[in-house]
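Undergrad: okay, here's the prediction I keep looking at, along with the sequence it came from:
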Amino acid sequence: MRLSYIATKLGAHIDGSDTEITGIAGIEEAGSGQLTFIANPKYASAVKSTRASAVIVSEDFPTVSVSTLRSSNPYLTFARALQLFYQPPQYASGIHGTAQIHPTARIGKNASIGAYVVIDQDVVIGDGCVILPHVVIYRGVRIGNDFFAHAHAVVREYCRLGDGVVLQNGAVIGADGFGFAKSENGQWEKIVQSGPARLDNDVEVQANACVDRASIGETRIRRGAKIDNLVQVGHGCSVGEDTLLCAQVGLAGSTEVGNKVILAGQVGVAGHCKIGDGAIATAQSGIPNDVEPGITVSGYPAIENRQWLRAVAVFNKLPELAKTIRALGSREKGAH
């Protein structure tokens, strides 16, 4: 595939020779005939030693010895370049003989349903679904067009999923929320989780993540949100459009997360908190209170990122400061 063809398909422009590209690899692994990318300026020096034949870079990246594809968004351009070289498996329409589909379930056109899939009564699924082996869909579920469920995904009773929803392996949508009330004798009595989970269009939930159902009302994941592996979305939460919940994020019950929020890996949010649109929480932050729109927070309890960085710088000096204070105290005692 010629670099000029790739540039045309990606809306980028070439700086250098129009070479033949046979594949894509990371900047350090790429060899002759391969295309790579630089999205973070701090790795710019890696271009000098790369063996790649071409590199996707930003519009203002310096001229280098290898050919470049210049783009206003190198990372997105690289992601789209991958689509030119990698074609995921295609699944033929049809229903495997071992699938168990209740007679009252209604499945749209061009469905591909794999081995040992179970679809319960009164389920409605739109056109173009791909449901891979061992997926279970409970009764009363409603799912839109172009649904894709990888093996062992589960959708619980009465949940609602829009168009283009993707469930990776082991994702569980609508399991019971963690709701228990303490009785007079100190035992925990289960609270019925009657409200469904609702996933809007183009939501993706990745491997072994859980979106719990609500005790009342619903748990809502809005259009375009992406939920990473091992994320826990508690009962009654609301997650806004185009929000990212990265690996091992945990949202306690009734958390409200705005649009275009990024919660990095292992961020924990206490129940009933509100996180404003466009906010970012860096990895392992703990959020016990509301977060204003558009700010970046870090640490526990989470505070504004620049303040956290200053606090960390001081923290690293605490042993030296303590030593100085003890020395001053000793001098004061000696003076008396």
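TA: Now that the structure is in, tell me what you want to look at. Computed from a predicted structure; not experimentally measured.
Undergrad: residues contacting residue 54?
TA: 3, 16, 19, 21, 35, 36, 66, 67, 68, 69 (C-beta atoms under 8 Å, 6 or more residues apart in numbering). For the C-beta atoms, the positions are set from N, CA and C on the backbone; glycine is no exception.
Undergrad: is it possible to get CSV of those that adds distance to residue 299 and pLDDT?
TA: Converted to CSV, the contacts of residue 54 look like this (distance: C-beta to C-beta, whole Å; pLDDT from 0 to 100):
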residue, distance to residue 299, pLDDT
3, 45, 94
16, 45, 90
19, 47, 93
21, 44, 96
35, 39, 96
36, 35, 94
66, 41, 91
67, 43, 93
68, 39, 93
69, 39, 95
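Undergrad: so where do the helices sit in the protein?
TA: Taking DSSP state H, the helices of the chain run over residues 3-10, 74-85, 305-316, 318-335.
Undergrad: closest to residue 260 out of these?
TA: helix 74-85 (15.5 Å; C-beta to C-beta).
Undergrad: take the closest one, keep the C-alpha atoms, and write them as CSV.
TA: C-alpha atoms of helix 74-85 as CSV (Å, rounded to 0.1, in the frame of the first residue of the first chain):
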residue,chain,number,x,y,z
PRO,A,74,-1.6,12.1,14.9
TYR,A,75,-3.1,9.6,17.4
LEU,A,76,-6.5,9.6,15.7
THR,A,77,-4.8,9.4,12.3
PHE,A,78,-2.8,6.4,13.5
ALA,A,79,-6.0,4.7,14.8
ARG,A,80,-7.6,5.1,11.4
ALA,A,81,-4.5,3.8,9.7
LEU,A,82,-4.9,0.6,11.7
GLN,A,83,-8.3,0.1,10.0
LEU,A,84,-6.6,0.0,6.6
PHE,A,85,-4.4,-2.9,7.6
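Undergrad: list the buried residues in that helix.
TA: 74, 77, 78, 80, 81 (16 or more other C-beta atoms under 10 Å).
Undergrad: same check, this time on stretch 267-281
TA: Here stretch 267-281 shows 267, 268, 269, 273, 274, 275, 276, 277, 278, 279, 280, 281 as buried, counting by 16+ other C-beta under 10 Å.
Undergrad: average pLDDT for stretch 248-262?
TA: In this model, stretch 248-262 has an average pLDDT of 98.
Undergrad: which of the buried residues of helix 74-85 sits closest to residue 114?
TA: residue 80 (28.9 Å).
Undergrad: so who does that closest one touch?
TA: 9, 10 are the contacts of residue 80 under C-beta under 8 Å, 6+ apart.
Undergrad: give me the pLDDT for it.
TA: For residue 80, pLDDT reads 94.
Undergrad: check residue 316 too.
TA: pLDDT, read off for residue 316, is 86.
Undergrad: what is the burial count for it?
TA: 8 (other C-beta atoms under 10 Å).
Undergrad: who are the neighbours in contact with it?
TA: Taking C-beta under 8 Å, 6+ apart as the definition, residue 316 has no contacts.
Undergrad: related to what we said a few turns ago, as CSV, the buried residues of stretch 267-281 with distance to residue 113 and pLDDT would be great.
TA: Converted to CSV, the buried residues of stretch 267-281 look like this (distance: C-beta to C-beta, whole Å; pLDDT from 0 to 100):
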residue, distance to residue 113, pLDDT
267, 36, 98
268, 38, 98
269, 37, 98
273, 40, 97
274, 40, 98
275, 38, 98
276, 42, 98
277, 39, 98
278, 40, 98
279, 40, 98
280, 40, 98
281, 39, 98
